[in-house]
Structures are given as structure tokens and as C-alpha cells.
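**Student:** okay, here's the prediction I keep looking at, along with the sequence it came from:
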Protein chains: 2
Amino acid sequence: MKQNIVQKIKDIVGNDNVLTSLEERICYSYDGTFQRGIPELVVFPADTKEVMEILKLANKEKFPVFPRGAGTGLSGGSIPISSGVALVLIRMNKIKEISPEDMLAVVEPGVVTGHFHQEVEKLGLFYPPDPASLKTCTMGGNVAENAGGPMAFKYGVTKDYVLGLEVVTPQGEIMHVGGRTVKNVTGYDLTRLLTGSEGTLGIVTEITVRLLPKPKEKRTALVIFDKLGDAASTISAIICNGVIPATLELMDQITINCVENYNHLGLPLDAEAILLIEVDGGKSQVEVDIKVIEEICENYHCRTIQIASLAEEREKLWKARRAVSSAIVQLNPTKISEDATVPRSKIPEMVRRLREIAEKYKLHLPVFGHAGDGNLHPNILADKGNKEEMERVEKAVEEIFLAALELRGTLSGEHGIGIMKKPYLQWELGEVGIDYLKAIKRAVDPNNILNPGKIF
Amino acid sequence: MKQNIVQKIKDIVGNDNVLTSLEERICYSYDGTFQRGIPELVVFPADTKEVMEILKLANKEKFPVFPRGAGTGLSGGSIPISSGVALVLIRMNKIKEISPEDMLAVVEPGVVTGHFHQEVEKLGLFYPPDPASLKTCTMGGNVAENAGGPMAFKYGVTKDYVLGLEVVTPQGEIMHVGGRTVKNVTGYDLTRLLTGSEGTLGIVTEITVRLLPKPKEKRTALVIFDKLGDAASTISAIICNGVIPATLELMDQITINCVENYNHLGLPLDAEAILLIEVDGGKSQVEVDIKVIEEICENYHCRTIQIASLAEEREKLWKARRAVSSAIVQLNPTKISEDATVPRSKIPEMVRRLREIAEKYKLHLPVFGHAGDGNLHPNILADKGNKEEMERVEKAVEEIFLAALELRGTLSGEHGIGIMKKPYLQWELGEVGIDYLKAIKRAVDPNNILNPGKIF
């Protein structure tokens, strides 16, 4: 990058908020995948005005801008894949407002999601989206990738909570879309178009999210099944009985074995599946719901069912699920975490196909995830130093996507397309769909400044 | 329209599915507003392929296409405002699938919303969007205008239920967006972009919607307040107590008087407000919720509260609310139904300003609507034959919009912009926002074929 441009950027954000050394730039070259791309410059704007000025300069001088939050993404969405500026939004980290009366909050993009959870809960409110990375990931990143999480089964994903956005357009203009009301049909729904657009259509500089009342009670059940098929039937039966649990998580046998080997919780190594089911709501309702769930689990031959109501006891039941990500890495160091999602009735079939794919390519492939909404997380554990193995991984990933699409699912439930799934997008959207997306991108970012090379 | 083009259209859909006489065309010149525009031709395609062919022809011959369903819209969104074809989608009226296991349904755009409600409820399922016109309006129209209704307070609006769409692009290509899973971040969220785009970005030819389990129980409360302020405080208190009713409807004193005069239900003419509150869910939960609501209403000095649980009794309580639209037309024949929406904490202030506006312009302006989500319906009753009065109406409407925006609300909660609110769009979105919308429209519809002249 030319020295005079670097100087102009320093003039905008101040010398202290620009990183230029290789060592520092490497720190902003990665996300939660194994992809890498070293930016020419790392820039930390303080406010919307600085973001606008940088984008105006970028359009004038024609350099790409790669916005990012905490870099926990799982599809390479924030990786600077060509020369240009990594725009890190973590300095914009104020919670500007929490309104119990309007049940909404206004935050800057750099607010850490878990911190935001704590702050709204202090006021008896509740922000459901709970991606696994919530202790470090940011609200801006959640909006960019439309983050989900276990709670999404009952409560939906990030886009279901975004009421309004302040956005800097790719050309550096400020725009306000949506607002402070749940109902809004004023013009195209740019709030939703921008949510999940992976930083390619605008940079979100302020987010207004809808909040809910915090559920008064919770009950958690850890249910062990001899047969995976019975666990899958249980999921369907619960939903068909009109009970919508807050979370409905599945772990397959390989996952169970990894977790047990990792922290010795006494999980049975011969069980084919564990379901972790949590219901929330008013006291009387959760009692009724958990009773219904218990009966269904028994009807479908569960081996054991443990139920907890106190927070500490519930946390014990969650321990196995929370250990999964750390535990499976024992199998191999490189984790390829997929989120291909299928209609929930297809879960047994999808799990069967995943087993076949794992065998065919001789790969470690534990399956766990958000079974209630069909959003499984098949994880391949490999070694990126082993070229031959990584080639098998690539083929297996292709087959996973094909299986999901054959079962009328989607490539990505909650991680986004980024760069990891770009080659497969056409399988789902077709040429017409991709052309439609590209036309939108070209129309609002004619110089292709914002996060180029992502999605398509 | 040139005779050879008319013939080509007839060749596509068959002679019987094209209307050419003035009398017939007039029938498709209006919607639920007082706007009019007579199309040159009325065309009834049978399937997606015919829609594609018509749009391809339209691009070749450069004539505009105005898609419509039942024509119940309240913003002029489907009015053929220039020469061209009214494309009526009511022949495409099949419910293709209702899946209790995946909790979704697939319908064609011409399916009548109320009929769809009945069909899913037979299977113990529930599709919440309930616009007032549900007995005649179509699912396609609901998607185009992102229809709401009383249930939206708890359950959200149409866009919250659309999982996937089959769309014919403005250039006549077929495209599938979204799908059959609740979670989907594969490319930009075109499902949401198209929902509420008022037929300007594509014609929806198949809709996949998410369903919920049908709530087992309901309780309805009709609460009479001496003071409007107490009714407003009650709304806030209910929500702050963590109770989310399925509906929370408000009627002001003028509305009460119209309804009482219309069908003599024994409503008190001196009461400033009535709240109609309905809770749904499991039996034990609705008992708890209605108890909380009763206490809050008493704390805020309600005059009387009537509670019903059986369907017939509940329907009696709804009678007043359902009579509103017919009752207020007694005041004057031309109804200008607005849906400016404010954050719910601003409802008392908004009602106060509406009263001031009514007095200032000497207009009949009953206020009722979905108070839970701030989506009031200020209705002006005038006589469109009275030019001087209609000028006052126009000024009053302007002030209503300004008031809503000043209170950080929006021009339209659920009716859309159409042609009625076009002049005011810039007040909310600004030039940058409108340019962004226009860029999208131009990009996907370069010949400006689809529903030109709407929104902006």
C-alpha cells in the first residue's frame, strides 16, 4: 500500500489505531477456520464517521476493505484474501441503550455478545442468539454472519432480532434501515438483506435489537439412547406434540466417546446418541412440558433420563455438550466444522449418510449439534499438514453438501458462505440466483471495495 | 397495447384467461384504497411457466406487469398505474403440501389466507399471520406486502414465517431462494428481501412457510378504561411483567362510540379506551397469564374486565373489535386507513398527537389497532367527493407521518408503501437509503417491467 494512503488512513483514525508490522498484521490474518490472509494494514476506527472516511478513501484509491469483529467466524468471511485493509470494529463497543419498556437495545458492533447477554439479563430481559463463541464474538460479527446457536430452535437466529441498523454503505455514506418497531414495511427489508451479507453490502455501525422477557424457569433433560433412530424419533414426537424446547441438542456416539475420554463424566461409551433438551417459560408450563418430554423419551426406549431444575444441576448436564469442541480435537488437530442443515425429518437419513461418508473417506467425523432445527454440525478432524488426508476431506465435504441438498437442506445454517463454501453455492442457488446476488452487490458496491471475494 | 402482443399473451395463457373489455378491466383497477388505475389487459396465468413467458415477453416488448392477488391491499401496491398488464395470480391456488413433521407448508400465491389457516389447523398446526382481510386476501399478496395482523404482537409478521420462495425474476427466469429449513445463511437473504418488496423485485410463484403447533388454550379479556393513559400504562406493565399476549388491541373513545352506535353491544360511550387482550399457550400457562393481566388492569383502575375461555364467549368479546372497520364508515364514506407505527412506549404520546391533528384539521379520526407492537391504525373518515376536505386529509396524513417519525417510528407497519406513502418515503429513509433501494431495483429489473412506479 502506498505510503501516502497509509498516511491518509492514519490521519483519519490516529497513528495509534493503525497496525503496520508483519507480526501485528498476522494477528488479524485468520478466523475460526484454517484459512489465512495477511492484510496490508490493520485499522481500528473509533466511530461511524471514521468508517465513512475510510470507505470514501477506499473508493477513491481503490483498495479493498475487510471488516471484522473478533474473528471467530467459521466460514472465512472476515479473512483479508487480497491486499487491503482489515477494518477491526472492536473499539466501537458501547451498549448505547437498553429499554425495558420498548424491549429493545442499541449497541455498537464491537460489543461482545456474551457481555451483552449479561447486561440485558440484569434487567430481566433476554437476547436469545447464543453462538458457541459468545464469550468472545461480537454483535457486529453476529449480524454480518447471521449467527445462530442452540437457542435458535425455539427463538430463531440473529436476523429475527435485528430491528434496525445504522450502516455505512460501500461508498461511504451513512444509512439508517429498519428502526425501533417490530413491524416495519417501509421500503425493501434492507435490515434483513444486510444481516447475513457477510460485510459485502455495508458496514454495520449500530445495531438495534429486539429483546424478550427473560424466561422465569428452565428444566433440562439429559437423555441417553441405545439407538440413534430412537433419538431422532423422539425429536419428531416432541415437536408433533406441540412442545417447542428452547434447545434440543444431539451428540452421536463418536462425540460421546470423545467427550467421555476428555473429561470422564461417566457417559456410556456404547450409547448411540445423547439428547440434551431444555425447556423454558413460566413455572407451571415447564413442569407440563418436561413431563411430556419424559414420557416421549420413555416411549422411544431411552436408556436413562436425568432432569434438573436448579441452575447448578442444569449446568452439570450441559457439561458434556459444552466440552464437545475441545474434546473432539483429540482425534486430530485440524477441525473442519460444517453446518449443513436439513429439514428436521431428514436428520436420521442425514446422520446415516454422514456415517457412510466418514467410512468411505476414512475420516474422523463426529456429529453433534442443533437437532431440533436440523442444523447438525458434522465436524471433520484432520491434519492440515497431511496433504493426502486434506484431499479426502475436500471430497467428503463436497459429499456432505450434496447430501444436505439432496435432502432439501442448505449449505449453511449459521456459519455463512465466506470463502469456505463459495465453490458450492451454485449447487444451491443456481446460476439465476447467483446472478441476482451479484447484481445486487455490483449495484451497491460498483468498485467492489467491501470484502471482495466472499460468498460468490 | 398492440394487437400482436395481446395475441402472444393469449397464446401463452389461453384466450379464456385474458380479459380485454373495459367493464372487466375496471374490476381489476382498484385495491382496498381509493386509488384507481385501469390495466390494458388482465391476465390469469395457470403456472410458473406461464408467468415466466409473460415476463420474458414483457421485457422484449417493454410493457409493464402489475402482479396482484385479491386486491385487498391498503397502500395501492397492486394498482396498475400506467398502461400494461394486470397479472392476477388467483388461479395458482393449490396448497401443495402441509408437513406436520417438518412443520411447514408449501402453497401457491393464490391460496386464500383464511382457507390456509383452516387447513393447517385441521392438522393441529398454526399459521399466525392474520391480516384483517384474511377471508379474501391471498398468501402471495401477504408475502408481497409483508402482511401483519393482531397476532403479530406475539408471533411476528409474514416475513417471520416465509422459509423459502420460488420466484420469477423481473427478466422471466425462475429462482429458488431460502428453502425448508429455519436456519439458512446461504447467500444474501433474498427470501426476506423479496417479502415486502411489493411485487417490484420478482413474482412469487410458490411459498414455503413455517408453521407452529396450534396453541392448546386461549383466554380473552375485554377491559374498559375511563382514561386512555391508564390503558397505555397497562400495556407497558403487562409486557414489563414478562407476559406476551397473542393479541393486545386498543380502541379509542371515537371508535367505541362508532361501534356501539353500529351494533349496540352495550359498550360505555364515556370510556376513553377498551383493551382486548388474548393470551394463548398451554392450559396452566394461560391461567397464570390471565391472572397477572387481571391484576395489572385493576392496578391501573380499569372500570370493568370480562374474561372468557370458551370459543363462543371469546368470540362475543371480539365482536366489538371485528365491527370496527364497518362501524367507522358511518362517520364518512371514504376511509383512509393508516398504519404508522411507533415504539410501544410512545403510544400515549402518539394518541395525544393524533387527537391534536384531528382537531386541527377538523376530521373524523378514530384510533384503534395493534397497541402491543405500537402499530396503531389511525383512520381518517372523509368524503373523496369533497375536494376541500380531501386537502385537509392530505395535510393531516403528512402530520401523522411526521409525528410517527419524530417518535422514532415508521411510516408503515404492515400495509406497505405502494403509491399512497411514496411521497413520504424520503423522510424516513433519506436520499442515501432511497438510492440504495433504487440501485437494487435497477440491478434486477433493468427494463423497469415489474410493478413500476411503486415504493419510490
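**Tutor:** Done, it's in.

**Student:** now the helices: where do they sit in the stretch 251-400 of chain A?
**Tutor:** A:253-263, A:283-299, A:311-328, A:347-360, A:387-406 (DSSP state H, counting those that start in this stretch).

**Student:** for chain B, which of those helices is the nearest?
**Tutor:** Taking C-beta to the nearest C-beta, helix A:283-299 is the member of the helices of the stretch 251-400 of chain A nearest to chain B, at 3.6 Å. Every C-beta, even on glycine, is put in place using the N, C-alpha and C of the backbone.

**Student:** close to chain B, is the closest one?
**Tutor:** Yes: counting by C-beta under 8 Å from any C-beta of the partner chain, chain B has neighbours in helix A:283-299: A:283, A:284, A:285, A:287, A:288, A:289.

**Student:** with stretch A:144-164 instead?
**Tutor:** Yes: legend: contact between stretch A:144-164 and chain B by C-beta under 8 Å from any C-beta is shown at A:145, A:146, A:148, A:152, A:153, A:156, A:157, A:159, A:160.

**Student:** wait, which of those residues is closest to chain B?
**Tutor:** residue A:146 (4.6 Å).

**Student:** thought residue A:365 was touching residue A:380?
**Tutor:** Yes: counting by C-beta atoms under 8 Å, residue A:380 is a contact partner of residue A:365 at 5.5 Å.

**Student:** common neighbours of those two, please.
**Tutor:** Residues touching both residue A:365 and residue A:380 (C-beta atoms under 8 Å, 6 or more residues apart in numbering or on different chains) are residue A:396.

**Student:** which bits of the stretch 351-456 of chain A sit near chain B?
**Tutor:** Residues of the stretch 351-456 of chain A lying near chain B (C-beta under 8 Å from any C-beta): A:370, A:373-375, A:408-417, A:421, A:425, A:428-430, A:432-434, A:436-437, A:439-440, A:442-444, A:455-456.

**Student:** got TSV for the helices of the stretch 251-400 of chain A, with mean neighbour count and mean pLDDT too?
**Tutor:** Listed next are these as TSV, based on neighbours: other C-beta atoms under 10 Å in any protein chain shown; pLDDT from 0 to 100:
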stretch	mean neighbour count	mean pLDDT
helix A:253-263	20	95
helix A:283-299	18	94
helix A:311-328	16	93
helix A:347-360	18	94
helix A:387-406	17	96
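
**Student:** can you redo the ones you listed as JSON lines with distance to residue B:299?
**Tutor:** Formatted as JSON lines, the helices of the stretch 251-400 of chain A follow (distance: least, C-beta to C-beta, whole Å):
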{"stretch": "helix A:253-263", "distance to residue B:299": "50"}
{"stretch": "helix A:283-299", "distance to residue B:299": "22"}
{"stretch": "helix A:311-328", "distance to residue B:299": "31"}
{"stretch": "helix A:347-360", "distance to residue B:299": "48"}
{"stretch": "helix A:387-406", "distance to residue B:299": "53"}
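
**Student:** among these, which is nearest residue B:233?
**Tutor:** helix A:283-299 (26.3 Å; C-beta to C-beta).

**Student:** by pLDDT, give me the weakest of the residues of stretch A:144-164 next to chain B.
**Tutor:** Of all those, residue A:153 carries the smallest pLDDT score, 88.

**Student:** that one is in contact with residue A:243, isn't it?
**Tutor:** No: the criterion here is C-beta under 8 Å, and residue A:153 misses it with residue A:243 at 11.4 Å.

**Student:** give me the nearest residue to residue A:135, chain neighbours excluded.
**Tutor:** The shortest distance from residue A:135 to any non-neighbouring residue, by C-beta to C-beta, 6 or more residues apart in numbering or on different chains, is to residue A:114 (4.5 Å).

**Student:** quick one: which two of the residues of stretch A:144-164 next to chain B are the most distant?
**Tutor:** Of all the pairs that the residues of stretch A:144-164 next to chain B form, the one spanning the most space (C-beta to C-beta) is A:145 and A:153, at 18.4 Å.

**Student:** in terms of neighbours, single out the busier of these two.
**Tutor:** residue A:145 (31 against 26; other C-beta atoms under 10 Å in any protein chain shown).

**Student:** returning to that earlier point: for PyMOL, what selects the buried ones among the residues of the stretch 351-456 of chain A next to chain B?
**Tutor:** In PyMOL, a selection of the buried entries from these looks like this (16 or more other C-beta atoms under 10 Å in any protein chain shown):
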select buried, chain A and resi 370+373+374+375+408+409+410+411+412+413+414+415+416+417+421+425+428+429+433+434+436+437+439+440+443+444+455+456
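
**Student:** in helices, which of the residues of the stretch 351-456 of chain A next to chain B fall?
**Tutor:** A:425, A:428-430, A:432-434, A:436-437, A:439-440, A:442-444 (DSSP state H).

**Student:** with pLDDT and distance to residue B:304 added, can I get these in TSV?
**Tutor:** Shown next, in TSV, are those (pLDDT from 0 to 100; distance: C-beta to C-beta, whole Å):
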residue	pLDDT	distance to residue B:304
A:425	94	60
A:428	95	57
A:429	95	57
A:430	95	60
A:432	97	59
A:433	96	56
A:434	96	60
A:436	97	56
A:437	97	56
A:439	97	58
A:440	98	54
A:442	98	61
A:443	98	57
A:444	97	55
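
**Student:** my read: residue A:257 touches residue A:269, true?
**Tutor:** Yes: at 5.5 Å, residue A:257 counts as touching residue A:269 under the criterion of C-beta under 8 Å.

**Student:** surely residue A:383 touches residue A:331?
**Tutor:** No: with contact defined as C-beta under 8 Å, residue A:383 does not reach residue A:331; the gap is 10.0 Å.
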